[in-house]
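K.L.:
got a sequence here, can you build the structure:
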Amino acid sequence: MTSLILVLVTWAQVSVIPRATAPAKDYPIAAVPLTDVRIVDGFWSQRGEINRTVTIPHIMRQNEITGRIDNFLKAALVKDGPYQGQRYNDTDVYKIVEAASWTFVARPDPVLDKKLDDLIAIIAAAQEPDGYLYTPRTVDPANPAPGAGPERWSWLHTSHELYDQGHMIEAAVAHYSATGKRSFLDIAIKSADLICRVFGPDARRDVPGHEEIELALVKLYRVTGNRMYLDEARFFLEQRGRPHSIEHPQFEPGSRFFMYNDLGYRQDHAPVAEQQTAVGHAVRATYLYSAMADVATLADAPFDATLRALFTDVVDRKMYVTGGLGANGRTEAFGAEYELPNRGYAETCASIGGMLWYHRMFLRDGQAAHYDALERTLYNGYLSGVSLAGDRFFYQNPLVSDGRVERSAYFDVACCPANLARLMAQLPGLIYAQTRDRLYVNLFVGSEADVRVNEVPVKITQKTNYPWNGPITIQIDPQTKVSTTLAVRIPGWTQDVSDAASAYHVAGTASAKPQVSVNGRKIVPTLRNGYAEILRDWKKGDIVTLTLPMPVRRALANDKVVEDRGKAAVQRGPIVYCLEGIDNAGSLKDVRIPLDATWQHTFRSDLLNGVEIATARIRDRTVTAIPYYAWNNRGRGEMEVWIPY
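P.N.:
Residues are numbered from 1 along each chain as shown. The predicted structure follows:
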């Protein structure tokens with residue numbers, strides 16, 4: 001095995017291909033890439049470092065001890081034995097390669113770099129000569145893993161073959177972008193070329209049961225400039241809801257695969273342009289919607305109205321107050337409108353898929369509402385998925401627990417940990433964005449960014465103690481004076497707007513409004529699409545200060561959310577809080593908090609790696625709430641987000 005790896009690694013280190021030019025048509029707003037942003041604040045830099053030094057190595061080790069790496073060695077005929085695990089386990093390897101690759105941007109790591117080279121060499125050896133790369137079949141073609149089907153692509157609705165290839169391609173693009181090496185990229189190109197030969201308008205008409213390949217093909221198009229990959233992504237999208245070349249088998253009711261027969265479960269029930277409401281498996285759906293946004297933008301596909309309708313449907317009627325998505329635990333799927341049981345599923349991967357989609361929606365139209373959804377998810381439904389130590393995970397993120405729920409070191413179905421790690425590594429690329437005449441500040445994260453405005457180099461320095469305190473300073477340092485608009489998001493949680501159709505609203509009115517000043521002088525900026533816009537000739541040392549009041553407030557659910565009638569959640573800034581039994585005499589059974597209760601908040605550096613807690617004195621007891629993301633870090637115990645009043 002060692003000699004094989006050495007040969008392949010030597011091959012892997014050949015010269016890189018030229019970087020592709022930007023597509024002729026692209027998003028009207030461009031994210032400032034993560035390569036040009038450095039996170040320096042206490043909240044997120046700590047988590048990024050834990051991700052790099054604990055989470056990623058932990059997942060890589062779990063992939064080794066659970067046989068996920070061995071499957072590639074078996075497919076390469078380097079090791080004997082049957083395939084181990086689920087048919088989609090290859091993706092756990094690919095996603096952690098992607099996560100590790102992005103960490104090189106902020107912190108080069110020669111040891112980890114070499115480990116990835118060795119791992120990519122093993123992946124290359126497992127690829128079949130024509131580009132097919134799917135170890136659940138290659139290890140033993142006569143006895144593929146359950147759900148994979150008897151032949152290549154034969155049970156596409158269950159096999160996850162294209163899902164696996166999608167995550168492989170995304171990882172390869174990330175590795176190439178971060179390191180400049182084309183070793184993994186060549187593997188991805190070979191696989192994608194096979195897919196383009198097998199599937200298309202003049203070939204096989206079919207779609208994957210689990211969306212992902214569509215997103216990946218767009219990324220491969222971006223990095224190679226090969227239009228064929230964008231066209232293939234569009235083909236897969238537009239083939240949904242239409243007759244396919246292969247009639248897939250019908251499974252017996254009650255079988256583990258029976259749900260795959262439901263076309264709505266896999267968003268194959270109607271052409272995507274006609275899908276006005278979010279249905280089915282929530283992760284698959286958000287990946288689909290992300291790809292639709294890409295293809296609508298890059299290839300002028302007619303998905304505009306659909307994307308807007310889907311966003312409204314999800315955010316107003318099917319999203320948990322934590323940003324979690326997916327109410328039905330059996331099918332990991334969206335429920336009906338306002339069907340949001342507190343023991344719901346809210347898979348970590350669905351939160352991640354949601355954020356990928358919301359980001360693309362913002363890049364299309366510049367509406368702060370998309371980032372409001374992203375921020376809600378980021379600080380709550382996403383961050384709850386990993387322990388503070390970085391080596392224990394939630395697959396599901398319920399809003400209530402009787403004390404039996406606990407994080408796990410890994411899972412048999414382990415999509416969430418590595419997905420979480422790769423999003424954490426990409427966080428710098430979600431903070432800022434720009435157009436020709438506008439700079440956007442979307443997330444309040446202590447950071448430094450290098451951008452160009454009208455060809456003038458500009459450094460942006462953001463300082464903040466967010467999410468615990470409201471003051472945020474943004475220093476603009478252009479190399480020479482430059483005129484542009486700085487657009488700073490005014491978070492939706494600061495507003496008193498209440499939409500009768502929305503699943504949640506904040507009780508009462510805010511005691512104060514956000515304030516904006518420039519160089520110490522208060523201004524009244526233009527408000528547009530949820531952003532405070534400041535147009536001026538910027539010179540070195542100019543400072544914008546945004547002050548966001550952060551009282552403890554109560555969130556109420558729409559009366560149609562049946563389980564939360566007569567209950568309220570606690571929220572401060574972007575943080576949703578919960579009660580844990582450990583802070584409240586061991587039990588939450590009799591806790592009632594009147595809506596007019598007076599709340600205090602204080603920072604506790606000695607608790608949960610440093611958190612702002614919220615307390616209320618109720619008759620003869622003090623009730624203590626902690627950030628939802630931090631629950632279950634002190635052992636098992638009761639927890640609830642929605643508290644009777």
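
K.L.:
just the pLDDT at residue 448, thanks.
P.N.:
For residue 448, the model assigns a pLDDT of 98.

K.L.:
so how far is residue 40 from it?
P.N.:
6 Å (CB to CB, to the nearest Å). To be clear about C-beta, it is placed using only N, CA and C from the backbone, and glycine gets the same treatment.

K.L.:
of those two, give the one with the bigger neighbour count.
P.N.:
Higher neighbour count among residue 448 and residue 40: residue 448, with 17 against 13, using other CB atoms under 10 Å.

K.L.:
number of nearby residues for the closest residue to the more buried one other than its chain neighbours?
P.N.:
In this structure, residue 448 finds its nearest non-sequential neighbour in residue 38, 4.8 Å apart by CB to CB, 6 or more residues apart in numbering. Neighbourhood size, residue 38 [other CB under 10 Å]: 16.

K.L.:
try residue 330
P.N.:
7.

K.L.:
what's the burial count for the nearest residue to it once chain neighbours are set aside?
P.N.:
Distance criterion CB to CB, 6+ apart; nearest residue to residue 330, sequence neighbours excluded, is residue 259 at 7.8 Å. For residue 259, the neighbour count with other CB under 10 Å is 18.

K.L.:
same deal with residue 91?
P.N.:
Around residue 91 there are 25 other residues, counting by other CB under 10 Å.

K.L.:
and it, what element?
P.N.:
In this assignment (DSSP states H and E), residue 91 forms part of helix 90-106.

K.L.:
and the lowest mean pLDDT element among the helices and strands of this structure?
P.N.:
Ranked by mean pLDDT, DSSP states H and E, the weakest helix or strand in the chain is helix 2-12, scoring a mean of 32.

K.L.:
relative to residue 48, how far out is the residue nearest to residue 448?
P.N.:
Distance, residue 38 to residue 48, by CB to CB: 10 Å.

K.L.:
overlap of the contact sets of these two?
P.N.:
Residues touching both residue 38 and residue 48 by CB atoms under 8 Å, 6 or more residues apart in numbering: residue 106.

K.L.:
leaving out sequence neighbours, find the closest residue to residue 27.
P.N.:
Using CB to CB, 6+ apart, the nearest residue to residue 27 is residue 363, at 3.9 Å.

K.L.:
pretty sure that neighbour is touching residue 31, no?
P.N.:
Yes - at 6.6 Å, residue 363 counts as touching residue 31 under the criterion of CB atoms under 8 Å.

K.L.:
for the stretch 151-300 of the chain, what spans make up the helices?
P.N.:
156-159, 161-179, 183-198, 213-224, 227-239, 282-298 (DSSP state H, counting those that start in this stretch).

K.L.:
turn the ones you listed into a markdown table, including distance to residue 614.
P.N.:
Below are these laid out as a markdown table (distance: least, CB to CB, whole Å):
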| stretch | distance to residue 614 |
| --- | --- |
| helix 156-159 | 46 |
| helix 161-179 | 38 |
| helix 183-198 | 46 |
| helix 213-224 | 38 |
| helix 227-239 | 44 |
| helix 282-298 | 30 |
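
K.L.:
who wins for proximity to residue 116 among these?
P.N.:
helix 161-179 (6.8 Å; CB to CB).

K.L.:
what's the average pLDDT for the closest one?
P.N.:
Helix 161-179 comes out with an average pLDDT of 98.

K.L.:
relative to helix 282-298, how tilted is it?
P.N.:
Angle, helix 161-179 to helix 282-298, by axes from the mean of the first three to the mean of the last three CA atoms, to 10 degrees: 60 degrees.
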